[in-house]
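just to be clear, the model below is a prediction. Sequence and coordinates:
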Amino acid sequence: MKVAFVGLGVMGYPMAGHLAAAGHEVSVFNRSPEKAQRWIAQHGGRASATVAEAADGCEFVILCVGNDNDVREVVARALPAMAEGGVVIDHTTTSAKVAREMAEQARAVGRAFVDAPVSGGQAGAEKGQLAVMAGGEAEAFARAEPVMRAYSKAVTRIGGPGSGQLAKMVNQICIAGVVQGLAEAVHFTKRAGLDPALIYQAISGGAAQSWQMDNRWATMIEGKFDFGFAVDWMRKDLGLVLEEARANGSTLELTALVDQFYAEVQEMGGRRWDTSSLAARLER
């Protein structure tokens, strides 16, 4: 397929690389041109000076950018340039509202839009093992799924436009609670004078086991917090969650509390620490 990829950050850079490795014809755009040049030196393809140039004649335009306004800006520039009937695949974590807006804009000009936030972090992107939660019309999803498989281990259509973003909110609610519980467990282990390695051995095979425990227990014990998704981005995501909860009447007491704990981590200078840095707040 002829594919444009917009946004070569820690997630987008390897995701676009998997597309090139799968044999797609890939053009890339990044606001920092040097990163796009580095990508084509590594993977081939074409670096473009503008979003419209990258999207020109493409069957798929894939985004992995920062926020709602970034998505609006990129989609506005990409839609007129891409092939008729083309599909925009948005891997940015945004509000469900903007996903629905973009789907309507795409439909109005004979294109389609699939909101497809991901889970798995930088490591998942690099290994091509992301989990994709997608929203959009069934026909558009069916066309987009084989493309997304280049960097994913699981791709699930949740429902219509915006439902992928709502699923990602559920994902972030779960993570917030699990990481806070893990942080408190690490803190308690230290204060009780227990051997962290033995505690992990004892409990990780039972009901307390989680991806976060398996991947972050040891680093949280060591006070190392440079392994993934940054606190600044988690607060952005939790802000979207809490806004949606206010709109639909959900009661998210723990999520709201953990969001404030992340605000304290930011005040400690941990804006770029990963989400497991909730443990640092307890060790102050």
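Good, I have the coordinates.

so where's the stretch 101-250 of the chain uncertain?
Regions of the stretch 101-250 of the chain meeting the criterion pLDDT under 70 are absent.

need the helices for it, in chain order.
Counting by DSSP state H, counting those that start in this stretch, residue ranges of the helices within the stretch 101-250 of the chain are 121-127, 138-148, 163-191, 196-203, 211-222, 231-248.

what is the first one packed up against?
The contact analysis (3 or more Cβ pairs under 8 Å, 6 or more residues apart in numbering; DSSP states H and E) places helix 121-127 against helix 12-21. Backbone N, C-alpha and C define where each C-beta goes, glycine included.

which helices and strands does the helix it packs on pack with?
strand 2-6, strand 25-29, helix 33-43, strand 60-63, helix 121-127.

go again with 6 Å.
Packing partners of helix 12-21 (3 or more Cβ pairs under 6 Å, 6 or more residues apart in numbering; DSSP states H and E): strand 25-29, helix 121-127.

now the angle between helix 12-21 and the strand ranked longest in the chain, please.
What stands out as the longest strand in the chain, according to DSSP state E, is strand 152-159. Regarding strand 152-159 and helix 12-21, their directions subtend 100 degrees when assessed with axes from the mean of the first three to the mean of the last three Cα atoms, to 10 degrees.

please name the nearest non-neighbouring residue to K168.
By the measure of Cβ to Cβ, 6 or more residues apart in numbering, the closest residue to K168 outside its immediate chain neighbours is P117, 3.7 Å from it.

so that neighbour touches M169, yeah?
No - with contacts defined as Cβ atoms under 6 Å, P117 does not count as touching M169, sitting 8.9 Å away.

got the domain ranges for this protein?
The chain breaks down into these structural domains: 2-159, 166-282 (assignment by automatic domain parsing).

deepest of those, which one?
Per-residue neighbour counts averaged over each of those give the maximum for domain 2-159, namely a mean of 20 (mean count of other Cβ atoms under 10 Å).

ok, now how distant is the nearest residue to V132 once chain neighbours are set aside from N171?
Nearest residue to V132 in three dimensions, chain neighbours excluded: V155, at 4.4 Å (Cβ to Cβ, 6+ apart). V155 is 14 Å from N171, where distance means Cβ to Cβ, to the nearest Å.
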